[in-house]
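S.K.: Structure of the sequence below:
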Amino acid sequence: MSRSPHLTIALIQTSLFWKDKTSNLAMLEEKIWEIKEPVDLIILPEMFPTGFSMDASELAEPMNLLICKWMKQMAAQTKAVITGSAIISERGQFFNRLLWVTPEGKVSYYDKRHLFRMAKEDETFTPGQKFAVFTLNGWKICPQVCYDLRFPVFSRNTWKGEEAAYDFMFFVASWPAVRTSAWDALLPARAIENLCYVAGVNRVGKDGNGIDYVGHSGVFDFKGNDLSQTEKEIEKIEIFHLEAASLESYRKKFPAWMDADAFTIR
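M.R.: Model prediction:
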């Protein structure tokens, strides 16, 4: 399937109610309905129903319960894929799971591989083992979660002939303000090295642990150019139109992928 000429994505940068699923889903539903133009993909922050909490035993739910049902409803009503991560329980384990929900009700997922040990996430959650690529309108899309941004080997783009493993990579995050400089540096780096579009969706506000977040969500093209046009540190909904022709043209004119080092880790 060839790529559609454009992929239209909406990033929702917002504050979150601390450990309050009902309030967060109601708030996000209102924000989703603020999107007035048709979009293909709506991206929410990391742990959007609860905030970034290690209280998994209190907050986790199995697949196909409240969160999945809400995402299915939103996807069906907007006719867009809805994605973001939540605390999911499965087989006695907890996962920081990115859910990818289509308008038809299909649910796919990616479990966060790199767990943030400085917050003891690795003591609470089970790391994901599988690399994921989703397809939307012919675009191949690589999902990642927050701390994954610091570890590019696992998510490195690979090529078969002139065909890339993915065209667009996105990160959903709860990335604290104190490390914003790393966020701002690594997002364009991932776009440049992988010859793809990259989006980062971070939250704003203060969480229940007193940690501040300043957003800086946005999209970078394959040259590392920042495509965002609005303020970085406020609640916002921003829409981007990714262009297949520009991506394909640049990959042909600057085929750095042909000189990439071969390796296998997956």
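
S.K.: which other helices and strands contact the helix or strand hosting I141?
M.R.: For I141, the host element (DSSP states H and E) is strand 139-145. On a contact count with 3 or more Cβ pairs under 8 Å, 6 or more residues apart in numbering; DSSP states H and E, strand 139-145 meets strand 93-101, strand 107-111, strand 134-136, strand 168-173. Any C-beta I mention is one placed from the backbone N, CA and C, and that applies to glycine too.

S.K.: Extract the C-alpha set from it and format it as PDB.
M.R.: What follows is strand 139-145, C-alpha atoms only, in PDB (Å, rounded to 0.1, in the frame of the first residue of the first chain):
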ATOM      1  CA  TRP A 139       2.500   5.400   6.500                       C
ATOM      2  CA  LYS A 140       4.700   3.100   8.700                       C
ATOM      3  CA  ILE A 141       4.800   4.500  12.200                       C
ATOM      4  CA  CYS A 142       7.100   3.600  15.100                       C
ATOM      5  CA  PRO A 143       5.700   4.200  18.600                       C
ATOM      6  CA  GLN A 144       8.000   5.000  21.600                       C
ATOM      7  CA  VAL A 145       7.500   6.100  25.200                       C
END
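
S.K.: Report the inter-axis angle for that strand versus strand 107-111.
M.R.: Calculated by axes from the mean of the first three to the mean of the last three Cα atoms, to 10 degrees, strand 139-145 forms an angle of 50 degrees with strand 107-111.

S.K.: Just the residues contacting strand 139-145, thanks.
M.R.: When contacts are defined by Cβ atoms under 8 Å, 6 or more residues apart in numbering, strand 139-145 is touched by residues 3-4, 7, 41, 46, 83, 85, 96, 98, 100, 110, 112-113, 131-135, 155, 157, 164-173, 196, 242, 244.

S.K.: Of these, grab the buried ones for ChimeraX.
M.R.: The ChimeraX command for the buried members of the contacts of strand 139-145 (criterion: 16 or more other Cβ atoms under 10 Å) is given here:
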select :3,7,41,46,83,85,96,98,100,110,112,113,131,132,134,155,157,164,165,166,167,168,169,170,171,172,173,196,242,244
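
S.K.: Could you dump the helices and strands packed on strand 139-145 into a markdown table and include distance to R203 and mean pLDDT?
M.R.: Compiled in a markdown table, those are given as follows (distance: least, Cβ to Cβ, whole Å; pLDDT from 0 to 100):
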| stretch | distance to R203 | mean pLDDT |
| --- | --- | --- |
| strand 93-101 | 14 | 98 |
| strand 107-111 | 19 | 98 |
| strand 134-136 | 22 | 98 |
| strand 168-173 | 7 | 98 |
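
S.K.: wait, which of those is closest to L187?
M.R.: Among the helices and strands packed on strand 139-145, the nearest to L187 by Cβ to Cβ is strand 168-173 (7.2 Å).

S.K.: so where's this structure shaky on pLDDT?
M.R.: The chain contains residues with pLDDT under 70 at 1, 266.

S.K.: 90 - rerun?
M.R.: In the predicted model of the chain, residues 1-2, 161, 229-231, 262-266 satisfy pLDDT under 90.

S.K.: the helices in the stretch 151-266 of the chain, which residues?
M.R.: Ranges of helices within the stretch 151-266 of the chain are 180-194, 244-253, based on DSSP state H, counting those that start in this stretch.
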